[in-house]
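# Coordinates only, no sequence provided:
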């Protein structure tokens with residue numbers, strides 16, 4: 001049986017570090033890595049609201065939201081592309097998926113789909129808080145396959 005590893009990527013250095021560990025495991029086990037990220041439009045809306053309030057340009061909130069949303073998608077795609085290149089250099093079979101929605105729901109749906117051997121994720125999120133991130137706390141107990149948390 002081949003190892004198929006789902007790696008949760010949120011753009012943080014911790015998730016990228018998790019990907020490096022997943023690639024190393026996949027290389028040893030001749031497995032496959034699937035990089036997975038969830039983009040939540042609510043983040044773009046919140047940032048656009050804050051930007052429009054700060055700049056006193058409330059009439060531009062929709063424009064800000066679209067620009068932020070586009071930048072979010074571009075940013076995570078760039079990270080995925082870089083990690084894919086690393087997989088290729090290491091000779092590891094790799095692919096990626098970027099979906100839109102609520103992170104908790106989408107992650108649990110994907111992780112528990114029956115398509116993976118294990119999940120690998122970073123211990124901290126983009127905020128860089130010095131405690132385990134809230135998303136980790138929300139999902140780790142609800143994932144039905146082995147989960148590796150990378151610090």
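Arrived safely, thanks for sending. The structure presented is a predicted model; accordingly, all values stated were derived computationally and were not measured.
# which helices and strands does the helix or strand of the chain with the lowest mean pLDDT pack with?
Least confident helix or strand, the chain: helix 134-139 with a mean of 78, by mean pLDDT, DSSP states H and E. Using 3 or more C-beta pairs under 8 Å, 6 or more residues apart in numbering; DSSP states H and E as the contact definition, the elements that helix 134-139 packs against are helix 103-111. For every residue, glycine as well, the C-beta is placed using N, CA and C.
# Any buried residues in the helix it packs on, and which?
103, 106-108, 110-111 (16 or more other C-beta atoms under 10 Å).
# what's the answer for stretch 45-59, then?
For stretch 45-59, a neighbour-count test (16+ other C-beta under 10 Å) marks 45, 47-48, 51-52 as buried.
# same check, this time on stretch 116-127
The neighbour-count check on stretch 116-127 (16+ other C-beta under 10 Å) flags 116-125 as buried.
# Would you format those as TSV with secondary structure included?
Listed next are the buried residues of stretch 116-127 as TSV, based on DSSP: H, G, I helix; E, B strand; the rest coil:
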residue	secondary structure
116	coil
117	coil
118	strand
119	strand
120	strand
121	strand
122	strand
123	coil
124	coil
125	coil
